[in-house]
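Trainee: Predicted model, plus sequence, below.
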Amino acid sequence: MRTALMAMAIVLVSASAWAQTAPPTCKAQATDKKLAGAALTSFMKKCETDAAAVCDTSATDKKLNGAAKTSFTKKCVTDAVGN
């Protein structure tokens with residue numbers, strides 16, 4: 001029982017640490033930089049492309065294939081972009 005509680009505590013601490021260190025979304029970065037017009041469009045397109053590459057690599061590292069990989073990558077990119 002004590003081991004299970006320790007494991008749960010470690011998982012909760014790890015999850016909260018990850019949430020605090022998550023990089024800002026593309027949308028948040030664009031807002032911070034006060035981008036508009038063509039600069040905003042260009043930045044968002046590049047940021048989404050970069051996020052897709054990182055998410056695809058992450059899905060491959062997790063050994064995901066088919067629908068699982070597609071679903072994971074789609075959610076990952078959406079979270080990174082901040083739609």
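Mentor: Cool, got the structure.
Trainee: Three-state assignment for Asp56, please.
Mentor: State at Asp56, reduced to three classes by DSSP: H, G, I helix; E, B strand; the rest coil: helix.
Trainee: The residue lying closest to Lys27 once chain neighbours are set aside: what's it in contact with?
Mentor: In space, and not counting its chain neighbours, Lys27 is closest to Gly82: 3.5 Å by C-beta to C-beta, 6 or more residues apart in numbering. The way it works is simple: take the backbone N, C-alpha and C, and place the C-beta from them, glycine included. Going by C-beta atoms under 8 Å, 6 or more residues apart in numbering, Gly82 touches 25-28.
Trainee: Gly82 and Ala67, how far apart?
Mentor: In this view, Gly82 and Ala67 are 24 Å apart by C-beta to C-beta, to the nearest Å.
Trainee: what do you get for Ala28?
Mentor: From Ala28 to Ala67 the distance is 30 Å (C-beta to C-beta).
Trainee: Filter the contacts of Gly82 down to the buried ones and express that as a ChimeraX selection.
Mentor: Buried members of the contacts of Gly82, defined by 16 or more other C-beta atoms under 10 Å, are picked up in ChimeraX with:
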select :25,26
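Trainee: Among the contacts of Gly82, which one lies nearest to Ala39?
Mentor: Comparing the contacts of Gly82 against Ala39 with C-beta to C-beta places Cys26 closest, at 13.1 Å.
Trainee: all helices of this structure, in order?
Mentor: 2-21, 26-32, 37-61, 66-81 (DSSP state H).
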